[in-house]
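Novice: Let's see this in three dimensions:
(one chain, ligands or ions: 1)
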Amino acid sequence: MPRDSDDPPAVGELTPPDRTLMGPGPSDVHPRVLRAMSTPLVGHLDPSFIDVMNEVQELLRYTFRTDNQWTIPVSGTGSASMEAAIGNLVEPGDTMLVPTNGYFGGRMESMAERAGGDVVHVDAPWGEPLDPADVEAAFAEHQPDVFGFVHAETSTGVRQPDVPELTRIAHEHDAYVIADCVTSLGGVELRVDEWDVDVAYSGPQKCLSCPPGASPLTLNDRAMEKVLSREEPARSWYLDLSLLEGYWGDERAYHHTAPITNVYALREALRLVAEEGIEARWERHLETAGALKAGVEAMGLEMNAPDEYWLPSLNAVRVPDGVEDGDVIDALLDGYDLEIAGGLGDLSGEIFRIGCMGHSARPGNVALLMSALGDVLERQGADVDVDAGLSATSERLG
Ligand code: PLP
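Specialist: Numbering: from 1, shown residues only. Predicted coordinates for the structure are as follows:
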């Protein structure tokens, strides 16, 4: 729209509402992380920043449960670490096997195609994990070079079980495995080395409770060898790992100006992971999300995923009869400053997506969520037993 005056725009001071973030991300950011973001900038090649880079890499290895030398924060959101993984590993003419059981398998497909790859599918309905037998059959039929799967599908609230089984199948066929760990890293059991995952990527704004901007990525030597011996360069200059190696590897030479403040934030978020202990953190997510799940079930609602593949960091709860998902979501935001989300794609209108991630995975947040959700559902006409839900949750929270 053309501006009709040369006066400077009258934009007021920034005063965002004080939300409690229990949606699919971002999650509540820990105050220590916010404080780290207000510390002074240094240059991206300052010796003190090189120390920070080393510390972040070490903390990321701890959190991913890996010894991979090639473990870095990619500048950008989770989609940047995702595209760094796919765009570097997939070469023109390679075949990539991707899942169809959620929104982010579709994004893997788009990225693989843009990298010049041929895409083949392993199918499962939205809301279910991949069956290893189907993965085996897809390998026998298509012999893919790269296999991608989503460990924690944010669109459906499904945790992919049997990861070591999936990686075994892929490696028997000499393929590389890329795992999307955006909604699992730092919140749900994930063991990159023990499970033999070649490449894993994540985002900071979910179970690490850090603002988006610097996104974890790890590759083992085998994967990095494929990247470094590509016949033609990766199509993205910015995300070309053979160039990024100059900055994050031994040389520490300029490639692009790292988002210093986001790296500070990630460092503090990962320090919190290390202080808590990664296994204790997985356990905390199980306990707090378990209390949420027990509460919504006692209230009379139904989880979309059965217990075997329930994803504690993202709880998909079926929308009960008598209410519209959007009305409930709006009322929670307006009345309680509480953010949750609705379903996507095949599950649009059918589920609520309730995150329980990182600093948001706390008893106080779960108690607020339960009473607010119970109140809104009851007022909007759903048949729910709010008291039963609240007592099931408080019993579990102890
Ligand atoms: N993969 C999964 C499973 C996600 O949940 C998301 C974001 O929600 C992404 C990839 C992309 O991350 P971002 O939105 O930070 O780019």
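
Novice: what bits of the stretch 1-150 of the chain have low per-residue confidence?
Specialist: 1-2 (pLDDT under 70).

Novice: the strands in it, which residues?
Specialist: 20-21, 70-76, 95-99, 118-122, 146-150 (DSSP state E, counting those that start in this stretch).

Novice: by contact count, what packs against the second one?
Specialist: Judged by 3 or more Cβ pairs under 8 Å, 6 or more residues apart in numbering; DSSP states H and E, the packing partners of strand 70-76 are helix 47-64, helix 78-89, strand 213-219, helix 221-228, helix 241-248, helix 260-276. C-beta coordinates here come from the backbone N, C-alpha and C atoms, glycine included.

Novice: And the contacts of the last one?
Specialist: This points to helix 260-276. Helix 260-276 has contacts (Cβ atoms under 8 Å, 6 or more residues apart in numbering) with 29-30, 32-33, 35-37, 39, 41-42, 44, 49, 52-53, 55-56, 59-60, 62-63, 73, 75, 186, 204, 208-211, 213-214, 216, 281, 284, 358.

Novice: Can you give me the buried ones in the helix or strand just after it?
Specialist: Next in sequence after helix 260-276, counting helices and strands by DSSP states H and E, comes helix 278-299. Using 16 or more other Cβ atoms under 10 Å as the test for burial, helix 278-299 gives 278, 281-282, 284-296, 298-299.

Novice: hmm, back to that, any chance of the strands of the stretch 1-150 of the chain in a markdown table, with mean neighbour count too?
Specialist: Supplementary listing: the strands of the stretch 1-150 of the chain in a markdown table, determined by neighbours: other Cβ atoms under 10 Å:
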| stretch | mean neighbour count |
| --- | --- |
| strand 20-21 | 21 |
| strand 70-76 | 24 |
| strand 95-99 | 25 |
| strand 118-122 | 19 |
| strand 146-150 | 28 |
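
Novice: that older thread, next, format the helices and strands packed on strand 70-76 as a markdown table and append mean neighbour count.
Specialist: Below are the helices and strands packed on strand 70-76 laid out as a markdown table (neighbours: other Cβ under 10 Å):
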| stretch | mean neighbour count |
| --- | --- |
| helix 47-64 | 17 |
| helix 78-89 | 26 |
| strand 213-219 | 28 |
| helix 221-228 | 16 |
| helix 241-248 | 18 |
| helix 260-276 | 21 |
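
Novice: Out of these, the one nearest residue 154 is which?
Specialist: helix 78-89 (9.7 Å; Cβ to Cβ).

Novice: Could you list every helix and strand that the closest one packs against?
Specialist: Against helix 78-89 (3+ Cβ pairs under 8 Å, 6+ apart) you get strand 70-76, helix 103-114, strand 146-150, strand 176-180, strand 199-201, strand 213-219, helix 221-228, helix 241-248.

Novice: between the strands of the stretch 1-150 of the chain, which gets nearest to residue 223?
Specialist: strand 70-76 (7.8 Å).

Novice: what about that closest one and the ligand, any contact?
Specialist: No. Strand 70-76 lies out of reach of the ligand by Cβ under 6 Å from any ligand atom, never closer than 7.5 Å.

Novice: now do stretch 155-164
Specialist: No. Residues of stretch 155-164 are not located near the ligand by Cβ under 6 Å from any ligand atom, the shortest gap being 7.3 Å.

Novice: Kindly report the same for stretch 349-358.
Specialist: No. Stretch 349-358 lies out of reach of the ligand by Cβ under 6 Å from any ligand atom, never closer than 10.1 Å.

Novice: quick check: domain ranges of the protein?
Specialist: As assigned by automatic domain parsing, the chain contains the domains 31-275, 277-397.

Novice: Could you list everything the nearest residue to residue 112 once chain neighbours are set aside pairs with in the sheet?
Specialist: Once flanking residues are discounted, residue 112 sits nearest to residue 96: 4.1 Å by Cβ to Cβ, 6 or more residues apart in numbering. Counting by DSSP bridges, residue 96 forms beta bridges with residue 119, residue 146.

Novice: Test my guess that residue 96 contacts residue 118.
Specialist: Yes. Contact criterion Cβ atoms under 8 Å: residue 96 and residue 118 qualify, at 7.4 Å.

Novice: From residue 212, how far out is the residue in the chain that the ligand sits nearest to?
Specialist: Distances between the chain and the ligand by Cβ to the nearest ligand atom are smallest at residue 78, namely 2.6 Å. From residue 78 across to residue 212, the span is 7 Å (Cβ to Cβ, to the nearest Å).
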